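Peer 1: turn this into a structure:
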Amino acid sequence: MSSVIASARFSVLDRSRIREGHTAAEALRDTVALAREAERLGYHRFWVSEHHGVPGVAGSAPTVLAAAVAGATRTIRVGTGGVMLPNHRPLVVAEQFGVLESLFPGRIDMGLGRSVGFTGGVRRALGRDKDDADADDFAAQLAELLGWFRGGSPTRVHAYPAEGLSVPPFVLAMGEGATIAARAGLPLVIGDLRDRERMRRGIDHYRTHFRPSPWASQPYVVVSGTVVVAADPGQARRLLLPEAWSMAYSRTHGTFPPLPPAGQVETRTMTAKERGFYESGLSGHIAGSEEQVTDELETLLKETDAQEVLVTTSTHDRAALLDSYRRLAGIVDRERNR
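Peer 2: Residues are numbered from 1 along each chain as shown. Below is the predicted model of the structure:
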């Protein structure tokens, strides 16, 4: 009997994390280099993200970065995970993806989310507030965006060159977002792996309420989260330390810092509150040796019946990160060739 891993697609989401001692420009170039490697290794998609005013993330303009990635690769699908629709006018988003699809036909994905800025200051700078992430508003923005591709605007405005093009849309969601994706008949990207029960409820709700659309005739589920593969469990856990510390720091200081080396994290003194967030940030991921990760991926895919896994791993050690993606690709190849 074939493995569920063999029948699933595996893709990469890179958030252009800045590392301590390195620049934002290096982080962006690292993203492009990782995309080339992901293509060589046979990953299905390569997506980039949108973050504003975050010291530890260089990816603030996803459609611009997606253009650089698509220009540096030849066959891998390229997209966003995602463009945060409340931050933009749907017409402008349609135009941007229309340009991308025109330049790189048949390779562009449009991943869309409804998050707003990380802090009040960022939201004010964007001209947004927390209420702009309202589910009803997002559903209306999503419908408007998709309408620009179909044409026929009542205002007689046209989204050139998007009108008439087909750029696959995806909804990044938990909770209410799964309902929006189902009603719109769009593929769902859902995470994170640390709350499996909530994730399964969202997927079940999505499949139950899915309505076929011109964009998708049946439900399509992408599960997203951290997957780390190393020679042994200890090395895999060590790769998780920088991101877990940065997340703990952001929860206690209100700013998301660059990724520190794992060795620095191991020697840091933490407050009880920091330690709690830090330990939480180390849990719930898929991490370990090839054998362990194979077993965990099998379990995840059987639990969710997802068609695709979107891997979002970040760490300070760039060589170890690349090795993890190579080991993961090796697992997939072995399962497909059994």
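Peer 1: the stretch 201-338 of the chain: helices as residue ranges?
Peer 2: 233-253, 262-267, 272-282, 290-304, 318-336 (DSSP state H, counting those that start in this stretch).
Peer 1: just name whatever secondary elements the third one is in contact with.
Peer 2: Meaning helix 272-282. helix 233-253 (3 or more Cβ pairs under 8 Å, 6 or more residues apart in numbering; DSSP states H and E). Glycine gets a C-beta too; all of them are placed from N, C-alpha and C.
Peer 1: with just CA atoms, put the helix it packs on into PDB.
Peer 2: In PDB, the C-alpha atoms belonging to helix 233-253 read as follows (Å, rounded to 0.1, in the frame of the first residue of the first chain):
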ATOM      1  CA  PRO A 233      16.400  14.500  17.700                       C
ATOM      2  CA  GLY A 234      18.800  16.600  19.700                       C
ATOM      3  CA  GLN A 235      20.100  18.400  16.600                       C
ATOM      4  CA  ALA A 236      16.600  18.900  15.300                       C
ATOM      5  CA  ARG A 237      15.400  20.400  18.600                       C
ATOM      6  CA  ARG A 238      18.400  22.800  18.600                       C
ATOM      7  CA  LEU A 239      17.300  24.200  15.200                       C
ATOM      8  CA  LEU A 240      14.000  25.200  16.900                       C
ATOM      9  CA  LEU A 241      15.600  27.300  19.600                       C
ATOM     10  CA  PRO A 242      16.200  30.600  17.800                       C
ATOM     11  CA  GLU A 243      12.600  30.900  16.500                       C
ATOM     12  CA  ALA A 244      11.200  29.800  19.900                       C
ATOM     13  CA  TRP A 245      13.300  32.500  21.700                       C
ATOM     14  CA  SER A 246      12.300  35.200  19.200                       C
ATOM     15  CA  MET A 247       8.600  34.300  19.700                       C
ATOM     16  CA  ALA A 248       9.000  34.400  23.500                       C
ATOM     17  CA  TYR A 249      10.700  37.800  23.200                       C
ATOM     18  CA  SER A 250       8.000  39.200  21.000                       C
ATOM     19  CA  ARG A 251       5.300  38.000  23.400                       C
ATOM     20  CA  THR A 252       7.000  39.700  26.400                       C
ATOM     21  CA  HIS A 253       8.500  42.800  24.700                       C
END
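Peer 1: now that helix: mean pLDDT?
Peer 2: Helix 233-253 shows a mean pLDDT of 95.
Peer 1: distance between it and the chain's centre?
Peer 2: Its chain's C-alpha centre and that of helix 233-253 lie 18 Å apart, by Cα atoms, centre = their mean, to the nearest Å.
Peer 1: angle of that helix against helix 290-304?
Peer 2: 60 degrees (axes from the mean of the first three to the mean of the last three Cα atoms, to 10 degrees).
Peer 1: from the contact counts, what lies against helix 233-253?
Peer 2: strand 227-229, helix 262-267, helix 272-282, strand 286-288, helix 318-336.
Peer 1: list the buried residues for it?
Peer 2: For helix 233-253, the neighbour count (16 or more other Cβ atoms under 10 Å) marks 235-251 as buried.
Peer 1: so what's residue 164 up against?
Peer 2: Residue 164 is in contact with 149, 151, counting by Cβ atoms under 8 Å, 6 or more residues apart in numbering.
Peer 1: brilliant, that's me finished.
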